[in-house]
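Student: Mind folding the following:
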Amino acid sequence: MKITKILLAVILASLAGCGGSNLQSVGGDSLRVGVSPNYPPIIFKEDGRITGLEADMARAVGRELDKPVEFIELDWEELIPALIAGRVDVIMSGMSVTNERFREIRFLPHYMRIGQMALIRESDLGYFANPTALYRTTARVGFESGTTGENFVREKMTRAEPVALGNPEQGYGALLSGKIDVFIHDGPTIWRVASEKMDQGLMGLYRPLTEEYLAWAIRRGDNSLYQSLSSVLEKWKESGYLQMLIDKWIRVRIEVER
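Tutor: Residues are numbered from 1 along each chain as shown. Got it, this is the predicted structure:
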């Protein structure tokens with residue numbers, strides 16, 4: 001994430017708050033949801049329509065709050081600056097909770113626990129079968145720029161050759177074409193791709209490399225929206241609706257934490 005963008009967003013947010021009132025709260029005309037729709041099955045576009053797990057969640061939240069939902073499509077690195085600047089009300093785009101992000105924005109209680117995983121060519125399984133092989137490899141390792149996958153590669157795979165990519169699709173393509181040897185991304189992505197591209201010789205290593213949590217994010221100080229969204233999440237967890245949504249989009253069984 002570019003520092004200049006963050007600083008500009010913070011300045012704009014500070015100026016907007018000088019009047020003493022909260023920025024756009026749940027009382028606005030619509031719920032503006034910031035998304036970077038290139039992360040299937042969590043959030044992506046199909047036939048020009050934004051879809052996926054968090055898209056279903058956003059539309060269901062709109063029904064719960066009796067508000068129209070407006071998806072604001074942004075590049076990944078623009079999501080947090082847009083939230084801080086008041087251009088969107090909530091980020092629902094497969095965002096992991098990290099200390100760095102927590103210093104800028106406020107996360108709702110997480111809705112799913114995930115972790116980084118590795119996608120490889122099936123022909124390379126013998127090399128990567130040992131659990132420690134990823135940490136010792138000097139291979140070319142791809143990741144999506146600006147994600148926790150990048151953090152893992154740069155911090156834990158220090159002998160590898162890091163290869164920054166713009167989105168998961170570029171990662172799969174680079175792996176298939178032989179430009180990289182491993183692609184690191186969130187578990188939901190690896191599960192989906194491994195099942196869809198098995199006939200092309202790709203497979204996932206299903207050992208979680210990290211422990212992470214996906215959550216929605218709002219501006220600090222937007223207490224009304226926080227309370228509203230927290231209540232919706234709690235209701236969904238208790239009723240089983242949240243688990244139903246997750247099961248619809250992710251075939252590998254993931255239990256909702258209570």
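Student: would you list every one of the helices in this structure?
Tutor: Secondary structure of the chain, counting by DSSP state H: helices at 3-16, 53-65, 79-84, 99-102, 125-128, 133-136, 148-156, 168-177, 187-196, 223-239, 241-249.
Student: most neighbours per residue, which of those helices?
Tutor: helix 79-84 (a mean of 24; mean count of other CB atoms under 10 Å). All C-beta spots, glycine's among them, are computed from the backbone N, C-alpha and C.
Student: Between the helices of the chain, which one is closest to Glu212.
Tutor: With respect to Glu212, and counting by CB to CB, the nearest of the helices of the chain is helix 148-156 at 6.0 Å.
Student: Quick check, Thr138 in contact with Arg159.
Tutor: Yes. With contact defined as CB atoms under 8 Å, Thr138 reaches Arg159; the gap is 5.1 Å.
Student: And Lys45, how close does it get to Arg63?
Tutor: Going from Lys45 to Arg63 by CB to CB, to the nearest Å gives 22 Å.
Student: Break this protein into its domains for me.
Tutor: Following automatic domain parsing, the chain resolves into domains at 3-113+213-249, 116-205.
Student: Could you save the ones you listed as CSV and add columns showing mean pLDDT?
Tutor: Listed next are the domains of the chain as CSV, based on pLDDT from 0 to 100:
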stretch, mean pLDDT
domain 3-113+213-249, 86
domain 116-205, 92
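Student: Who are the contact partners of Val182?
Tutor: When contacts are counted by CB atoms under 8 Å, 6 or more residues apart in numbering, Val182 is found next to Ala118, Leu119, Ile120, Phe128, Leu134, Thr137, Ala139, Arg140, Val141, Gly142, Ala160, Leu175.
Student: For those, which single residue is the most surrounded?
Tutor: Gly142 (28 neighbours; other CB atoms under 10 Å).
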